[in-house]
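Peer 1: Sequence and computational prediction follow.
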Protein chains: 2
Amino acid sequence: MPAHYPLSATEEAVSRRLGSIPVNREALVAVSNLHRAASAVRQHLENSALRAADLTWSAFVVLWVVWIWEEIETRHTAAEAGISKGTLTGIIKTLESRGLIERRQHPDDRRLALLRLTPEGLALMEDLFPAFNAEEAFVVDSLGGEEVLHLADTLRRIITHLEEKGEVRRESLRRDTPVPPRRGGRRRAT
Amino acid sequence: MPAHYPLSATEEAVSRRLGSIPVNREALVAVSNLHRAASAVRQHLENSALRAADLTWSAFVVLWVVWIWEEIETRHTAAEAGISKGTLTGIIKTLESRGLIERRQHPDDRRLALLRLTPEGLALMEDLFPAFNAEEAFVVDSLGGEEVLHLADTLRRIITHLEEKGEVRRESLRRDTPVPPRRGGRRRAT
DNA sequence: GGAAAATCTTTTGCCCCCGAACGACCTGCA
DNA sequence: TGCAGGTCGTTCGGGGGCAAAAGATTTTCC
């Protein structure tokens, strides 16, 4: 999905509009490209390797995590997959109904739930993963080997930085200007 | 949202599971980090700068595009924002109801719709953008100036590569194994 | 031993996201 | 001039996404 306007025209429009406003342009472009790239990559993987199995990106990521760990608690699955627990509940429901994943209660702590792949799920992943990985390789095809490593490392530093300093930063911003909580969330029972 | 298991443990689990399967590990890590980074960045921006205005990421991106171009057709807005036209319809509805955006018919072609910011929308963006950009800067804080430029360039190459070669690639995969279309989409009327 | 606090999963409400179908509109060609 | 074929925005169905509330269970502390 190419953007409609050439990059040069966009640059020009941005300059016209932001003329008097000081901007960190490098950060702007980096963040913008980060999201464009992530969504283009996701789109490609969903429309190539994942299409044959009729899986969404998120469903695949969950299957991958459970596959790798053989048996894993749902809370850890959510953390590893990078989604909230509430979201995970829905995905599990779908994967369970398709017979790819199984849930059982933790023997010692009944609050916990454990996940593992069914034999069908296992067979699917063994078949699907190589195709998926081949598309991941295609995605970074235009980069040199060195550059792929460097990219991964740069991104990892961004992730770590936000994990370590993000909360403090947001906290201090909130001290300056108290802000309303994000909308949404369950309504209190009447 | 740090992952639960240390990276080293994950690496080990992956090795155990994929022992016999050949893997392009560099591509795997790069793609994985790309998505983790994009979602961490988005999360940070939504919970810092965008929180005060009660805007989601997508709503902000749409406002940004319309702001930059002053007046723009909806189809171009969707392309620039990187979302489908169906998604855009919903976001516009929200922004219109909040009085931030206006829609009018194209004078020469009644199929087209034109978007522009209301005075309130304009005031909001002039106020919000500097704060947003400051958080973009924070996000890449841990990188050197050179590295930010290099990151943007690397990501741009991935985007371009997928725009130019992605369709052909998916096409040729489909020739090998015909696949069902993605689920979802409106049902044909009875 | 029992109530309060902590911890987990699920539910709920609001939003985003895509793609196919649809109706309104425009255009080219017979 | 009239209609076939294309384009546009919207609608609709199926899913994902979060935060807060709720319900179930375990732990802590008197």
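Peer 2: Perfect, I can see it now.

Peer 1: Going by C-alpha atoms from here, please, whenever you check contacts or count neighbours.
Peer 2: OK.

Peer 1: Can you give the distance from the longest helix along chain A to the centre of its chain?
Peer 2: Ranked by residue count and defined by DSSP state H, the top helix of chain A is helix A:145-176. Mean-position distance between helix A:145-176 and its chain equals 15 Å (CA atoms, centre = their mean, to the nearest Å).

Peer 1: so where do the strands sit in chain A?
Peer 2: For chain A, the strands defined by DSSP state E cover A:72-73, A:101-105, A:113-117.

Peer 1: Quick check: which of the ones you listed is buried the most?
Peer 2: Of those, the one with the most neighbours on average (mean count of other CA atoms under 10 Å in any protein chain shown) is strand A:113-117, at a mean of 20.

Peer 1: Can it be said to contact DNA strand C?
Peer 2: Yes. Counting by CA under 7 Å from any atom of the strand, DNA strand C has neighbours in strand A:113-117: A:Ala113.

Peer 1: For that strand, the averaged confidence score.
Peer 2: For strand A:113-117, mean pLDDT is 96.

Peer 1: same question, stretch A:128-141
Peer 2: Taken as a whole, stretch A:128-141 has an average pLDDT of 95.

Peer 1: got it, and stretch A:74-92?
Peer 2: Mean pLDDT, stretch A:74-92: 96.

Peer 1: So which residue is dead centre in chain A?
Peer 2: Taking CA atoms, centre = their mean, the centroid of chain A lies closest to A:Gly82, which sits 6.0 Å from it.

Peer 1: Do I have it right that it meets B:Arg36?
Peer 2: Yes. Using CA atoms under 8 Å, A:Gly82 is in contact with B:Arg36, at 7.2 Å.

Peer 1: any bit of the lowest-mean-pLDDT helix or strand in chain A sitting next to chain B?
Peer 2: One helix or strand of chain A scores below all others by mean pLDDT, DSSP states H and E: helix A:7-18, with a mean of 81. Yes. Against chain B, helix A:7-18 shows contacts by CA under 8 Å from any CA of the partner chain at A:13-14, A:17.

Peer 1: For A:Pro119, see how far away A:Arg104 is.
Peer 2: 15 Å (CA to CA, to the nearest Å).

Peer 1: again with A:Arg183
Peer 2: A:Arg183 sits 41 Å away from A:Pro119, going by CA to CA.

Peer 1: can you list the residues of chain A near DNA strand D?
Peer 2: Residues of chain A lying close to DNA strand D (CA under 7 Å from any atom of the strand) are A:56, A:58-59, A:82-88, A:90-91, A:94, A:108-111, A:181-182, A:184-190.

Peer 1: Buried ones from those residues, can you make that a ChimeraX selection?
Peer 2: ChimeraX command restricting the residues of chain A next to DNA strand D to the buried ones, with burial defined by 16 or more other CA atoms under 10 Å in any protein chain shown:
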select /A:56,58,59,82,83,88,91
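
Peer 1: Which of the residues of chain A next to DNA strand D fall within helices?
Peer 2: Using DSSP H, the residues of chain A next to DNA strand D in helices are A:58-59, A:85-88, A:90-91, A:94.

Peer 1: near DNA strand C, from these?
Peer 2: A:85-88, A:90.

Peer 1: correct me, but A:Val62 touches A:Thr77?
Peer 2: Yes. Using CA under 8 Å, A:Val62 is in contact with A:Thr77, at 7.0 Å.

Peer 1: Between these two, tell me which one has more neighbours.
Peer 2: A:Thr77 (26 against 21; other CA atoms under 10 Å in any protein chain shown).

Peer 1: show me what contacts the more buried one?
Peer 2: Applying CA atoms under 8 Å, 6 or more residues apart in numbering or on different chains to A:Thr77 gives the contacts A:62, A:65-66.

Peer 1: Could you single out the nearest of the residues you listed to A:Arg98?
Peer 2: Distance to A:Arg98 across the contacts of A:Thr77 (CA to CA) is lowest for A:Val62, with 13.8 Å.

Peer 1: Against A:Arg75, how distant is the closest residue to the closest one other than its chain neighbours?
Peer 2: Once flanking residues are discounted, A:Val62 sits nearest to A:Ala81: 6.0 Å by CA to CA, 6 or more residues apart in numbering or on different chains. Separation of A:Ala81 from A:Arg75 (CA to CA) stands at 10 Å.

Peer 1: Which one's more surrounded, the two?
Peer 2: A:Ala81 (22 against 17).

Peer 1: these two touch, right, that one and A:Val61?
Peer 2: Yes. Counting by CA under 8 Å, A:Val61 is a contact partner of A:Ala81 at 6.1 Å.

Peer 1: what number of residues lie near A:Glu46?
Peer 2: Burial measure for A:Glu46: 21 neighbouring residues, criterion other CA under 10 Å.

Peer 1: Which residues are in contact with it?
Peer 2: A:55-57.

Peer 1: domains of chain A?
Peer 2: Chain A breaks down by automatic domain parsing into domains covering A:28-139, A:142-175.

Peer 1: Tell me the confidence at the closest residue to A:Leu149 other than its chain neighbours?
Peer 2: Nearest residue to A:Leu149, sequence neighbours excluded (CA to CA, 6+ apart): B:Glu26, at 6.4 Å. As predicted, B:Glu26 sits at a pLDDT of 93.

Peer 1: burial of B:Glu26, as a residue count?
Peer 2: B:Glu26, neighbours per other CA under 10 Å, totals 19.

Peer 1: Next up, the contacts around it.
Peer 2: A:148-149, A:152.

Peer 1: need these in TSV with pLDDT and neighbour count, can you?
Peer 2: Formatted as TSV, those follow (pLDDT from 0 to 100; neighbours: other CA atoms under 10 Å in any protein chain shown):
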residue	pLDDT	neighbour count
A:Val148	96	20
A:Leu149	95	16
A:Ala152	95	20
